[in-house]
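Student: mind looking at a prediction? Sequence and model below.
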Amino acid sequence: MTLLRYFSLRHWRRHPVRALMGVVTVMLGVALYVAVEVTYASSFAAFEESVDALAGRATIQVSRGRGMGVEHEALKTIEALGYDAAPVFHATTTLSGVEEGPVMIVGVDPLREMKLRDFSVGGRATVDVGTLLFDFDAILITRRLAERHGWSEGSTFTANTPTGLKTFRVAGLLDEAGPAKIFGGNIAVMLMPSAQHHFGRRKLYDRIDVAAPPEALAKLREALPDHEVTAISRRNSVLDEVLTRVRSLVAIGMIALMVGLFMIYNSMSISVVERAREIGTIRSLGATPRAVMGMFLVEALAVGALGSAAGVAGGAALAQALVEFTAQRVNALVFVVVVERIVLDPATVVVGVSMGVLTSLAAALYPAWQATRLSPIEAMQPSRTATRLGVHYRGSFLLGLVLASGSAVVALMPPMRVPMALLVAGPALSLLALGLILPQVTLWLSAALRGPLRRIFRLHGALAANSLLQTPQRTALTVVALAGALGMMVATATAVRGFQKSTAVFLDGVLPFDMFVAATDMSMTLYSTATYPGEVSERILAVDGVEMGYPVRSVMQPYGDVDLLIIALDVERFAAMHEAKGTPNRAIDTAALRAGEVVVSENLSILHGVGAGDTLRLGAHEFRVAGIVRDYSWPQGSVLMEIGVYRKLWQDDSVSYTDIRVAPGYTVQQVKANVAGAVEGQFKVFAYSSDDLRAMSEDALRQSFQFANILVVIAGVIGFLGIVNTLMISVMRRTREIGLLRAVGMTRGQVAASILLEGVLMALVGGILGAGGGVIAAWFPMAALSIKTTGFEIPRVIPWMTLVLAVAAAAAIGLAAAAAPARRAAGIRVLDAIAYE
Amino acid sequence: MIEFRDVRRVFGRGSRQIAAVDGVSLTIEPGAFVALTGPSGSGKSTLLHLAAGLDRPTAGDIVVRGTSVASLGEPALTTFRRRTIGLVFQFFNLVPTMTLEENIALPLLLDGLTLADARPRARELAERVGLTARLEHRPDELSGGEMQRTAIARALAADPPVLLADEPTGNLDSANGKIVLDLLASLRSPDRVIVIATHDLRAAACADRRIGLRDGKVE
């Protein structure tokens, strides 16, 4: 307590900025981790709330795979077994003529529904029961949706359905309770027959929900052998996919924490050297080595605790932004989740705080131990202290080599065999390895670099180089911290460029159409369940300006724990369009597809171990895999099949898109107008050119990495602070030297120039290391992570412009960080400096 | 009180070894005021550090009040320094973040006392060295002489039987040096040994006995 009170606290009160920097770096690292975890938990909680709200009392669901309906007879069979059951119809639609996001339409069988779920109706408004029962266009909407558009009982609105644009009449308002509270109020309820009619379901249900104990599963499976009988699904593959990417941002959080560890290590070791004489004094007066070590560890604990507490609060705040971003990403793919509250799990707080505190303690352990190793006499002679504390780095070099070797082995292993945790921690461990290796490398380089630097930069260069090389450990860690931040930036850019390249090849080479017509506004969602009838597709293909085209049905199909994307199209017309474009697709065996085989995407093959010649089971159907193609349509894998086969097996003739090749003499705009004219007043369709698709995919890619870029900026700030910190200490340590130089004639400008050069040199080395390291990180650990999570390979590219920018940014950071220390050094008063002890 | 038994202290390795103390044997009786003299590099400071337990001999032993310093483990050595030895350094070595009062009380604080408990002793010593009016000041607000007097007061906080001063006037002007030397001389007592290491002949003249060292050996 004595040392803490009189020694620690007062020292840090004198150097508040340095203490704050340590706290800030821990805070940033913990905040990043907490933000990612809170986003994950909040998004899942919102989804689970939706599922719970929709499921009500239901525990079991009966279906026949997506896209296929369940017949009414199945409902009777279930009820005959004595279970309460209700048919389910859900469809997502867009409203016409109003600015509104997607709306979920729920079809209900009221008598059965009220046994499972509670759709309560508002006390202020009553339901026009007559209208509801006898008007096929009657619909109930939530009070929130009504208030947004000034609707009330009797109001009408138009929505897009597979049978065309339909006008619905509001027959009542729903309170936000039960299912009505999900999706931000964007939910509407109709009687089942009305919903089936408007959405073309022909007396079929999406599924049947059953309230029954778990043991009923076996009974129901036996009674309904051609159906899928499972527990109510609490997962969603789209959410999983986006959240997996969000979770991988933890890797960046760990790098930031590693950078923070270096900063704190530097701060603590500087603190030991600075206070060496005082340590020697109190040791000579009777303070035990244990007390001295305890003091440093308590200081680190305080930094860690404060930083962690601030990090948890900051992370929760950051999560607000990340949650909105994530929800946008998910809803851009499929309208699934509206996150309205943040879930801060106590476990996340505990882990976050532990990470911050342990990082601080780990960073302080070695400097604290070094402080106790000094004999009192050595400690009271600062020049001997600095020498004693930092002569040999061979031990850390060897440890770093071992760590680097381990990281390299992991990076070269097949990603599917490496545990996810190791892939996420890999980049941070590589950075740690670099931090351990670099001090000794710096020493070795010193002999080689001293001469050239002196020749190139003369006196300032000699001074700057000498200063950097006198404290190789401190220099190395500052360099590595900046390298880590810039490396992340380069790695992200490399990955984005790689994906852009492969996506461009895919879009140009694999997709042969000039434009396509979708049933959904793809600026809102990319993977909507919205469709239009097959005859509408044929009508579209018949308009002027269409040289050739084909319908496409794109639908999710459960496959174990994930969903696969079935892409069913007219393979003959698809192949013909490729021939016309001059890009014949040899990978797709049209004969095999017409015979009922399928082609799977490369990432499906990697993720699920399915190869050519294997059998793939989708729902109740089995297919032989005819081949593998590179396809970026869906991160969990896609299956290409002949549309005729799909329609026969799944009894579904609706269409998701119609791909079109524009005839010579026509423009895409003209054909778009012709298509709109052909279906005007009957269907609302959305036409896009292939350029539009390219822009949407690039936008989605950019947004995926957007948040990573924010994290990179945060880590860059940490690296900047590291240089400021190191240079300030360097100036302090060299006060006498600077005073002597000024006394013999060095100008203030020359002093400042040597400090600026020191900062720029340090930062440039960090920039070059970061540039190289970033490319390697993208080629190895990031690529491995991508394959592990999506099966997509990141093509190896070198983003030359980004590399140049990284090095330039490093120089700018070095210059900016050195400005204040340079000013301080130039302002040193000669006499004070010479008398400095 | 202090006995050096064939003490050697060698620094460096191999061909670069230097014997800072080379086989010194001598005894200092209780009540003595001894000056270790000699040119720079003669080993006088090293001998002092060895007696204080700040360093360990390469060979030989130092016995202080019947205790073999060389055989003490680190915890025992620390306690030994805290209670048996009072140290005064050439460059004062006051803690810059502590007031004069706290600096004086530091050995007692390290021994577990609170400042409130240590305060009376600190004030008594401050009065003894003539610094009562400066108790709330920090070292950077004191002159060299005042800092050294503070260091002497600190060295006496635990009332140690052995007072060791390494070049106590080395960083002072002649006027302040005289004040410090007079103060040290006034601390003589039958139960106390005072040893100063100095190359200042005037400081050596204050001592009862002079032991000259050259090249690590007693002249």
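Tutor: Everything's here; your move. Numbering: from 1, shown residues only, chains lettered A, B, ... in the order given.
Student: would you mark the buried spots in the host helix or strand of residue A:25?
Tutor: Per DSSP states H and E: residue A:25 is located in helix A:16-55. By 16 or more other CB atoms under 10 Å in any protein chain shown, the buried positions in helix A:16-55 come out as A:18-50, A:53-55. (C-beta placed from N, C-alpha, C; glycine too.)
Student: which secondary structure elements does it sit against?
Tutor: helix A:237-248, helix A:250-274, helix A:289-333, helix A:346-373, helix A:690-733 (3 or more CB pairs under 8 Å, 6 or more residues apart in numbering or on different chains; DSSP states H and E).
Student: most packed of these?
Tutor: helix A:250-274 (a mean of 26; mean count of other CB atoms under 10 Å in any protein chain shown).
Student: would you tell me what the next helix or strand after it is?
Tutor: Next along the chain after helix A:250-274, taking DSSP H and E as the criterion, comes helix A:276-285.
Student: ok, and the helix or strand in the chain with the lowest average confidence?
Tutor: With no chain named, the answer covers chain A. Ranking every helix and strand in chain A by mean pLDDT, DSSP states H and E puts helix A:382-390 at the bottom, with a mean of 52.
Student: was after chain B, sorry
Tutor: Min over SSEs of chain B, mean pLDDT, DSSP H and E: helix B:74-84 (a mean of 84).
Student: contact residues of chain A facing chain B?
Tutor: Counting by CB under 8 Å from any CB of the partner chain, the residues of chain A lying close to chain B are A:2, A:6-7, A:10-11, A:13-14, A:277-278, A:280-289, A:291, A:375-377, A:380, A:837.
Student: walking through chain B, point out its helices one by one.
Tutor: In order along the chain, chain B carries the following helices (DSSP state H): B:44-52, B:74-84, B:100-110, B:115-128, B:144-155, B:174-185, B:201-205.
Student: can I get these in a markdown table with mean neighbour count and distance to chain A?
Tutor: Output for these, formatted as a markdown table (neighbours: other CB atoms under 10 Å in any protein chain shown; distance: least, CB to the nearest CB, whole Å):
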| stretch | mean neighbour count | distance to chain A |
| --- | --- | --- |
| helix B:44-52 | 25 | 5 |
| helix B:74-84 | 18 | 3 |
| helix B:100-110 | 27 | 5 |
| helix B:115-128 | 16 | 9 |
| helix B:144-155 | 24 | 8 |
| helix B:174-185 | 17 | 16 |
| helix B:201-205 | 15 | 21 |
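Student: and the ones you listed as a markdown table, adding distance to residue A:545?
Tutor: Putting the helices of chain B into a markdown table (distance: least, CB to CB, whole Å) gives the following:
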| stretch | distance to residue A:545 |
| --- | --- |
| helix B:44-52 | 98 |
| helix B:74-84 | 92 |
| helix B:100-110 | 91 |
| helix B:115-128 | 93 |
| helix B:144-155 | 96 |
| helix B:174-185 | 103 |
| helix B:201-205 | 109 |
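Student: go through those and find the least confident stretch.
Tutor: When mean pLDDT is averaged over each of these, helix B:74-84 scores lowest at a mean of 84.
Student: run through the stretch 351-500 of chain A and note the low-pLDDT ranges.
Tutor: The stretch 351-500 of chain A contains residues with pLDDT under 70 at A:380-392, A:446-447, A:449-450, A:454, A:458-462.
Student: filter the residues of chain A next to chain B down to just the buried residues.
Tutor: So, by 16+ other CB under 10 Å, the buried ones in the residues of chain A next to chain B are A:2, A:6-7, A:10-11, A:277-278, A:280-289, A:291, A:375-377, A:380.
Student: show me what contacts residue 72?
Tutor: No chain specified, so I'll use chain A. Residues in contact with residue A:72 (CB atoms under 8 Å, 6 or more residues apart in numbering or on different chains) are A:87, A:203, A:205.
Student: not quite, go with chain B.
Tutor: For residue B:72, the contact set (CB under 8 Å, 6+ apart) comprises B:53, B:80.
Student: cool, and residue B:8?
Tutor: Residue B:8 neighbours (CB under 8 Å, 6+ apart): B:19, B:21-24, B:57-60.
Student: the closest residue to chain B within chain A and residue A:511, how far apart?
Tutor: For chain A, the residue closest to chain B is residue A:286, as judged by CB to the nearest CB, at 2.6 Å. Counting by CB to CB, to the nearest Å, the gap from residue A:286 to residue A:511 is 80 Å.
Student: kindly report the same for residue A:205.
Tutor: Using CB to CB, residue A:205 is found at 35 Å from residue A:511.
Student: neighbour count for those two, which is higher?
Tutor: Taking neighbours as other CB atoms under 10 Å in any protein chain shown, residue A:205 and residue A:511 compare with residue A:205 leading, 25 against 20.
Student: where does the more buried one land on pLDDT?
Tutor: pLDDT at residue A:205 comes out at 87.
Student: I'd say residue A:575 and residue A:585 touch.
Tutor: Yes: under the criterion of CB atoms under 8 Å, residue A:575 makes contact with residue A:585 at 6.7 Å.
Student: and residue A:209, what pLDDT?
Tutor: Looking at residue A:209, the pLDDT reads 91.
Student: nearest residue to it in space, please, no chain neighbours.
Tutor: Leaving aside its sequence neighbours, residue A:209 sits nearest to residue A:58 (CB to CB, 6 or more residues apart in numbering or on different chains; 3.6 Å).
Student: out of the helices and strands packed on helix A:16-55, which gets the lowest mean score?
Tutor: Across these, helix A:237-248 has the smallest mean pLDDT, namely a mean of 64.
Student: any idea what the residue at minimal distance from the centre of chain B is bridged to?
Tutor: Centroid check for chain B by CA atoms, centre = their mean gives residue B:164 as the closest residue, at 2.4 Å. Taking DSSP bridges as the rule, residue B:164 bridges to residue B:87, residue B:195.
Student: please identify the buried residues of stretch A:403-419?
Tutor: Using 16+ other CB under 10 Å as the test for burial, stretch A:403-419 gives A:403-404, A:407, A:410-411, A:415, A:418.
Student: among those residues, which ones are in helices?
Tutor: Going by DSSP H, the helices hold A:403-404, A:407, A:410-411 from those.
Student: out of those, flag the one nearest to residue B:176.
Tutor: residue A:403 (56.1 Å; CB to CB).
Student: so who does the closest one touch?
Tutor: Taking CB under 8 Å, 6+ apart, one finds A:429-430, A:432-433, A:436 in contact with residue A:403.
Student: got a winner among the residues you listed for most neighbours?
Tutor: residue A:430 (26 neighbours).
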